[in-house]
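Asker: what would the 3D arrangement of this be:
(chains A and B)
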Number of protein chains: 2
Amino acid sequence: MSKSKQDIRMTGSANKTDHKRPALQIGLFGFGVVGEGLYKILLQTPSLQAVIKKVCIKNPDKKRNAPAALFTTNPKEILDDKSINVIVEVISDSETAWQIVSTALHNGKAVVSSSKKMIAEHLPEILALQQQKRLPFLYESSACASIPIIRNLEEYYDNDLLHSLRAIVNGSTNYILTKMFEEQIDFKSALLLARQSGFAEANPVLDTHGWDAVNKWVILLCHAYGIVVSPNALLFTGIQNIHSSDAVYGLEKNLEIRLVAQAKKLKNGKVAAFVLPQFVKKDDHLAFVKNEYNGVVIESSFSDQQFFYGKGAGSFPTASAVLSDIAALRYGYQYEYKKLRYHQPGELTDDFYLRVFLSFDDWKYIPRERFEWIEEWHAGDTRKYLVAVISFRELLNNTWWKENNTSLVLASDPFIEEIETQQVKKRSLELAGIIE
Amino acid sequence: MSKSKQDIRMTGSANKTDHKRPALQIGLFGFGVVGEGLYKILLQTPSLQAVIKKVCIKNPDKKRNAPAALFTTNPKEILDDKSINVIVEVISDSETAWQIVSTALHNGKAVVSSSKKMIAEHLPEILALQQQKRLPFLYESSACASIPIIRNLEEYYDNDLLHSLRAIVNGSTNYILTKMFEEQIDFKSALLLARQSGFAEANPVLDTHGWDAVNKWVILLCHAYGIVVSPNALLFTGIQNIHSSDAVYGLEKNLEIRLVAQAKKLKNGKVAAFVLPQFVKKDDHLAFVKNEYNGVVIESSFSDQQFFYGKGAGSFPTASAVLSDIAALRYGYQYEYKKLRYHQPGELTDDFYLRVFLSFDDWKYIPRERFEWIEEWHAGDTRKYLVAVISFRELLNNTWWKENNTSLVLASDPFIEEIETQQVKKRSLELAGIIE
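Answerer: Numbering: from 1, shown residues only, chains lettered A, B, ... in the order given. Next comes the predicted model:
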């Protein structure tokens, strides 16, 4: 147990006798829906022994539903205040968030944050800083919001028992995909609908192109397998190229499409991890996840699949997870990064093959010689498609598969760990004969 | 942190240098499917640093897939062995289990157990013994098997933030109910089917009459709200009286029936808790839970509903949870019973009303004057039914509602916290006039 863990707990129990000062004196950054909601619920729940002492905001002219004395526009007023022992950061700008979080930890304060982009991009520094300062830095709300997935991976699923992890971690893209299937509309119309319903940002690219999902996946890979990787180093894309005809193809085969973040321990003990659209069967737990919801399917030794489901974004689900983190601080809870520190950390591999569906406008965009083999293909007047096996490395090191309006969707049974050379040769010869 | 917590962890890290002896030396009671599976996986996963040193079995003549030297029929050989620091108990007889567990804790050993009946019946003694000995006693497999619900309630959902908990905790009855609905067969035929498929015991009364569910609910109430209650003091029944016509009534209204264990914090801050069959709407997460599966729906402050789903019984899901408990022992994890010890523990209440559906063979079995009011009724040739509001106390203190082939099923919106006296009087007068 770290020193801070004891400190915070002792402060907590000391208050049981003097009742003068709650254990957690919070400095809050951001007073949007999440921040204001937190403020209200902490006021209403004195048993949580946490009060918001000061709130830092950007715009002092905006009308706020709280006493004026609570607010400041000067971060230092919070970060340098020795009586504040917890910083809660729920702002949107990730670089500012990083300044706040790193200064707070340096100044000896526990931190709760919801900034997935900041955490994913600064993970190595965050790990180092936590180890150096031995202070709690909790961020359950940063991945799948109200689903306590970080805590479960950290505490319950042992590295050596965790076979695979598949998840829908972005509510916005899931909402769009649901509408594309349910109302048989194209990506653009579905995106418009998502905006109208408040499930897409004004600039939706972070969601639609998979950036938000890969940031969350970076965070979860660390707690699942002890893998520390930069978002840029992971293979990912979003749903920006999914074509209505892909949905039609799926519907005919009784499959739906989800943007799936996944990690799987292969036979060689290494981990395959990426974020790609995938066809899912109707009885796949992820098919149950519709609209703005998130879901995680965990497979571990002995166990059948475990399924966690809940709202993955939005102010209330985020606030709920932030609140649970605040509650956990009362017991001095902090991530131990068990998979990273007490185990042999997991190692990513690019040495495997995937079965993929590709739809595209013209054969000229598709380097057919780079597939191991092609299993199925169809050339319509406007849109063409094929189902093929390709090495993961080819996808990782190239971008042709997400350019020129080309859409890649993983098959529902995508993994091929080993291919016999004979098999490839034979298939390649067949292939040479069949296309054009 | 307790002494033992430090001890076990230190043993673990000491082994990082000497590599001589795994941190966890296990004495196993029971070598059925769960026990044998555990033995195999621990052999295959040396990184878990846990070995089974000795196995106590009842029948020495049975052929076992392990070296003969591993086995003993003498519990003392394990319980008195100072080199064994962990007892894993996966036997079926609950009184023997209690002897083993209490002796093990007395002898300074950490314990992992899957005996829900034993735990529910001995909970106060177990709590006292753990506090006295400060030793880990983990039992995640005892409720919802592979779903890590105890750990989540204990660690993530704060007492003050937890609004309600609804769960399907018995796979056997859920399988029977699923078949009654899907194949429109009666209880007895469905029970037969459950037996043929291995989802019901030779003597199924423990499951069908709700005993297994209420035992699990006793365990979960302790970790959810810090409530310690004897199984006999909780209101519960099983599905033994569910009539095929109840299913027909549900189907007409697009409702299914589940055996639901639930707990809800009422406006007065107290907790309503019971296990009863309930009509659930198709969009209720619990309606998704079919066949032998279990599911838990958690509602907490701010958050929409969280849903946990997985296999709730059977050898593999049980073994999976036991394995996670063993893995957690390496970090000295133990339940802190936070809701009980660091909070004002929750308090059960019987001061509320429920909307119920009752079907029965004859009006003479139904004390109509004890309802607050009746909202709907129908008298067919063979089976009669009514929908009414009744005080929880009436159900808690009487058994007429589960006798004489009478079937009670909660409405999908069952809670009525307060009734105005005027309202009751008026309704009662109406009632006097309308029935017979």
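
Asker: give me every residue in the stretch 151-300 of chain A lying close to chain B.
Answerer: By C-beta under 8 Å from any C-beta of the partner chain, the part of the stretch 151-300 of chain A that sits against chain B consists of A:151-152, A:155-161, A:285, A:288, A:300. Where C-beta positions appear, they are placed from N, C-alpha and C, glycine not excepted.

Asker: what ranges do the helices span in the stretch 201-350 of chain A?
Answerer: In chain order, the stretch 201-350 of chain A shows helices spanning A:205-208, A:211-225, A:244-252, A:285-288, A:315-329, A:338-341, with DSSP state H, counting those that start in this stretch as the criterion.

Asker: residue B:397: which of these is closest?
Answerer: Residue B:397 lies closest, by C-beta to C-beta, to one member of those: helix A:315-329, at 36.7 Å.

Asker: that closest one - contacts with which helices or strands?
Answerer: With contacts defined as 3 or more C-beta pairs under 8 Å, 6 or more residues apart in numbering or on different chains; DSSP states H and E, the packing partners of helix A:315-329 are strand A:24-29, helix A:33-44, strand A:50-56, strand A:86-89, strand A:110-113, strand A:137-138.

Asker: try it again at 6 Å.
Answerer: Using 3 or more C-beta pairs under 6 Å, 6 or more residues apart in numbering or on different chains; DSSP states H and E as the contact test, the elements touching helix A:315-329 are helix A:33-44, strand A:110-113.

Asker: what residues does that helix touch?
Answerer: A:24, A:33-34, A:37-38, A:50, A:110, A:112, A:114, A:136, A:138, A:140-141, A:145-146, A:311, B:156, B:158, B:302-303 (C-beta atoms under 6 Å, 6 or more residues apart in numbering or on different chains).

Asker: 8 Å instead?
Answerer: A:8, A:24, A:26, A:32-34, A:37-38, A:41-42, A:48, A:50, A:86, A:88, A:90, A:110, A:112, A:114, A:136, A:138-141, A:145-146, A:148, A:310-311, B:155-158, B:160-161, B:300-304 (C-beta atoms under 8 Å, 6 or more residues apart in numbering or on different chains).

Asker: now the two most distant members of the residues of the stretch 151-300 of chain A next to chain B.
Answerer: A:160 and A:288 (28.6 Å).

Asker: low-confidence ranges, chain A, go.
Answerer: A:1-21, A:421-436 (pLDDT under 70).

Asker: circling back: let's have the helices and strands packed on helix A:315-329 in CSV, adding distance to residue A:399 and mean neighbour count.
Answerer: Formatted as CSV, the entries for the helices and strands packed on helix A:315-329 read as follows, by distance: least, C-beta to C-beta, whole Å; neighbours: other C-beta atoms under 10 Å in any protein chain shown:
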stretch, distance to residue A:399, mean neighbour count
helix A:33-44, 36, 19
strand A:110-113, 32, 27
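
Asker: residue A:232 is nearest to which of these?
Answerer: Shortest separation from residue A:232 across the helices and strands packed on helix A:315-329 is recorded for strand A:110-113, at 21.1 Å, computed as C-beta to C-beta.

Asker: got the CA positions of that closest one in PDB?
Answerer: The C-alpha atoms that make up strand A:110-113 are tabulated as PDB, following Å, rounded to 0.1, in the frame of the first residue of the first chain:
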ATOM      1  CA  ALA A 110      -5.300  12.700  -5.900                       C
ATOM      2  CA  VAL A 111      -6.900  13.100  -9.300                       C
ATOM      3  CA  VAL A 112     -10.100  11.900 -11.000                       C
ATOM      4  CA  SER A 113     -10.300  12.500 -14.700                       C
END
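
Asker: now for the following helix or strand past it, which elements pack on it?
Answerer: For strand A:110-113, the succeeding helix or strand toward the C-terminus, using DSSP states H and E, is helix A:116-121. Contacts defined by 3+ C-beta pairs under 8 Å, 6+ apart place helix A:116-121 against helix A:94-106, helix A:211-225.

Asker: can you tell me which of the ones you listed is most buried?
Answerer: Mean neighbour counts were compared across the helices and strands packed on helix A:116-121 using mean count of other C-beta atoms under 10 Å in any protein chain shown; the top stretch is helix A:211-225, at a mean of 26.

Asker: what angle do that helix and helix A:94-106 make?
Answerer: Direction vectors for helix A:211-225 and helix A:94-106, defined by axes from the mean of the first three to the mean of the last three C-alpha atoms, to 10 degrees, enclose an angle of 30 degrees.

Asker: would TSV of the helices and strands packed on helix A:116-121 with distance to residue B:268 be doable?
Answerer: As requested, these are exported to TSV (distance: least, C-beta to C-beta, whole Å):
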stretch	distance to residue B:268
helix A:94-106	39
helix A:211-225	39
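
Asker: end to end on stretch A:82-100, go ahead and measure it.
Answerer: The separation between the terminal residues of stretch A:82-100, taken as C-alpha to C-alpha, to the nearest Å, is 15 Å.

Asker: now tell me what touches it from outside.
Answerer: Contacting residues not belonging to stretch A:82-100 are listed as A:8, A:11, A:24-30, A:32, A:34-35, A:38, A:50, A:52-54, A:75, A:78-79, A:101, A:104, A:109-115, A:117-118, A:121-122, A:318, A:322, A:326, A:329 [C-beta under 8 Å, 6+ apart].

Asker: can I have the buried ones of these as a PyMOL selection?
Answerer: Provided next is the PyMOL selection string for whichever of these are buried by 16 or more other C-beta atoms under 10 Å in any protein chain shown:
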select buried, chain A and resi 8+11+24+25+26+27+28+29+30+34+35+38+50+52+53+54+75+78+79+101+104+109+110+111+112+113+114+115+117+118+121+122+318+322+326+329
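
Asker: between the helices and strands packed on helix A:315-329, which gets nearest to chain B?
Answerer: Between chain B and the helices and strands packed on helix A:315-329, the tightest spacing by C-beta to the nearest C-beta is seen for helix A:33-44, at 5.9 Å.
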